[in-house]
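**Q** Task: produce atomic coordinates for the following.
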Amino acid sequence: MAARSIGDLRDALTWARERSLPFYVLGGGSNTIFSDQGFAGLVIQIGMLGMESQPAGLAVRVTAAAGEPWDDFVAHCVAQNWAGIECLSGIPGFVGATPIQNVGAYGQEVADVIEIVEALDTQSLERVTFSAAECGFGYRASRFKAADRGRFVVTGVTFRLVPGGAPELKYADLQKHFVNLPDGTTPTLAEVREAVIAIRKRKAMVLDPAEPNSRSCGSFFMNPVVSRKEFEIIETSARATGLLGPDEKFPHYEAGEGMVKLSAAWLMEHSGLQRGATHGGVGLSEKHILAIINRDHGTAAEVRELMNLVQSRVSKTFGVHLEPEPVFA
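**A** Below is the predicted model of the structure:
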């Protein structure tokens, strides 16, 4: 059922409740893997549309309904020269999904710019709002994905963006892309958006019917976050076993409060996994090892099997557990 309004959403939830049926709320579907047996309940697709903006001092508040396609929203904001989400270009799905997973890429994440999340409480069927602080944002995480998973349906999101702001150029691939710019020159938001999409295309992370490696849910595994002490143990073990050369660096990034973020792709490749590896009708992308692709009539069961194989290999090699990003329904 398509829910194009709050009223539609309430009606759908009430219909499912009266029949004691489970329900699943679907956005664009780009991050969901349904069972081969289907879903034994009501699937509600969010179809609410609309955008509005208003000045907020030196910033601008932009509110988008949950059913707005995310990349269209990013393109609109970039065209208005509003900075804050330009590095999140080329990501599929709808606006309503972004606060749930705290969507991020290329040095930005929505937690940095979200001001308000509007939602419907599936228990009381009342409308509620959350400030950014109340959303419990973390790395690819939020209260909507953890303690309150399934309780709230996001209906709209308000972002605080910066008119005429400078683009974010933290990510190494972006820095390399613009390395030949004259000193003192900064790329425009539109140029950064174009660069991000071009980089994603090289990795087959933009849907393209002519590119088999793009048939995926994007990056399948999250970059694991461990304590500084755990990282030192993992690094020492990797050097002792020859997985890491004496002068080779173990890629990692500071994650705050004594925590360290590791590269899931690096861990996979150094566990003996290879791009293009196959498992039945699915496999690892030839262009980006983090993507599990549908090679030809792949099944959800095969995706799970390959996921388990990858997790087992990385765990045995490094003692690190990889968490999947997609949702299994």
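**Q** CA atoms only: put stretch 137-152 into CSV for me.
**A** The C-alpha trace of stretch 137-152 is given here as CSV (Å, rounded to 0.1, in the frame of the first residue of the first chain):
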residue,chain,number,x,y,z
PHE,A,137,22.8,9.6,16.0
GLY,A,138,26.0,7.5,15.8
TYR,A,139,28.0,6.0,13.0
ARG,A,140,25.3,4.6,10.6
ALA,A,141,23.0,4.5,13.6
SER,A,142,20.1,6.3,15.3
ARG,A,143,17.4,5.6,17.9
PHE,A,144,15.2,4.6,14.9
LYS,A,145,17.5,1.8,14.0
ALA,A,146,18.2,0.6,17.6
ALA,A,147,16.0,0.9,20.7
ASP,A,148,13.0,2.3,18.8
ARG,A,149,13.4,0.2,15.7
GLY,A,150,10.0,-0.2,14.0
ARG,A,151,8.2,2.1,16.4
PHE,A,152,8.4,5.4,14.5
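**Q** Now do the buried residues in that stretch.
**A** Buried residues in stretch 137-152, defined by neighbour count with 16 or more other CB atoms under 10 Å: 137, 139, 140, 141, 142, 143, 144, 145, 148, 152. (Each C-beta comes from the backbone N, C-alpha and C, glycine too.)
**Q** tell me the mean pLDDT for it?
**A** For stretch 137-152, the mean per-residue pLDDT is 94.
**Q** Need the contact partners of that stretch.
**A** Under the contact criterion CB atoms under 8 Å, 6 or more residues apart in numbering, stretch 137-152 has outside partners 99-104, 109, 111, 114, 117, 119-123, 128, 130, 134-136, 154, 222-223, 225, 255, 261, 325.
**Q** Can you say which of these are buried?
**A** For those, buried by 16+ other CB under 10 Å: 99-104, 109, 111, 114, 117, 119-120, 122, 130, 135-136, 154, 222-223, 225, 255, 261, 325.
**Q** next one: phi and psi at residue 180?
**A** Main-chain torsions, residue 180, degrees, to the nearest 10: phi -90, psi 10.
**Q** What about it, how many residues nearby?
**A** Residues near residue 180, counting by other CB atoms under 10 Å, number 7.
**Q** what do you get for residue 215?
**A** Applying other CB under 10 Å, we find 19 other residues in the vicinity of residue 215.
**Q** Please apply the same query to residue 126.
**A** Residue 126: 9 surrounding residues under other CB under 10 Å.
**Q** so it sits right up against residue 120, yeah?
**A** Yes. Counting by CB atoms under 8 Å, residue 120 is a contact partner of residue 126 at 7.4 Å.
**Q** Check the buried residues of stretch 137-152 and tell me the two furthest apart.
**A** Checked with CB to CB, the buried residues of stretch 137-152 reach their widest spread between 139 and 152, with 20.3 Å between them.
**Q** all helices for the stretch 201-329 of the chain, in order.
**A** Counting by DSSP state H, counting those that start in this stretch, the stretch 201-329 of the chain has these helices, from start to end: 228-240, 264-269, 300-318.
**Q** so what secondary structure elements neighbour the longest one?
**A** With contacts taken as 3 or more CB pairs under 8 Å, 6 or more residues apart in numbering; DSSP states H and E, helix 300-318 sits against helix 228-240, helix 264-269, strand 278-279, strand 282-284, strand 291-294.
**Q** what do you get for the second one?
**A** Using 3+ CB pairs under 8 Å, 6+ apart as the contact criterion, the elements in contact with helix 264-269 are helix 300-318.
**Q** Send me the helix it packs on as PDB with only the CA atoms.
**A** What follows is helix 300-318, C-alpha atoms only, in PDB (Å, rounded to 0.1, in the frame of the first residue of the first chain):
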ATOM      1  CA  ALA A 300      18.200 -13.600  -0.700                       C
ATOM      2  CA  ALA A 301      19.500 -16.900   0.700                       C
ATOM      3  CA  GLU A 302      22.600 -16.700  -1.400                       C
ATOM      4  CA  VAL A 303      23.200 -13.100  -0.200                       C
ATOM      5  CA  ARG A 304      23.000 -14.300   3.400                       C
ATOM      6  CA  GLU A 305      25.300 -17.200   2.700                       C
ATOM      7  CA  LEU A 306      27.900 -14.900   1.100                       C
ATOM      8  CA  MET A 307      27.500 -12.400   3.900                       C
ATOM      9  CA  ASN A 308      28.200 -15.200   6.500                       C
ATOM     10  CA  LEU A 309      31.200 -16.300   4.500                       C
ATOM     11  CA  VAL A 310      32.700 -12.800   4.400                       C
ATOM     12  CA  GLN A 311      32.000 -12.300   8.100                       C
ATOM     13  CA  SER A 312      33.600 -15.600   9.000                       C
ATOM     14  CA  ARG A 313      36.700 -15.000   6.900                       C
ATOM     15  CA  VAL A 314      37.300 -11.500   8.400                       C
ATOM     16  CA  SER A 315      36.600 -12.800  12.000                       C
ATOM     17  CA  LYS A 316      39.000 -15.700  11.700                       C
ATOM     18  CA  THR A 317      41.700 -13.500  10.200                       C
ATOM     19  CA  PHE A 318      41.400 -10.300  12.300                       C
END
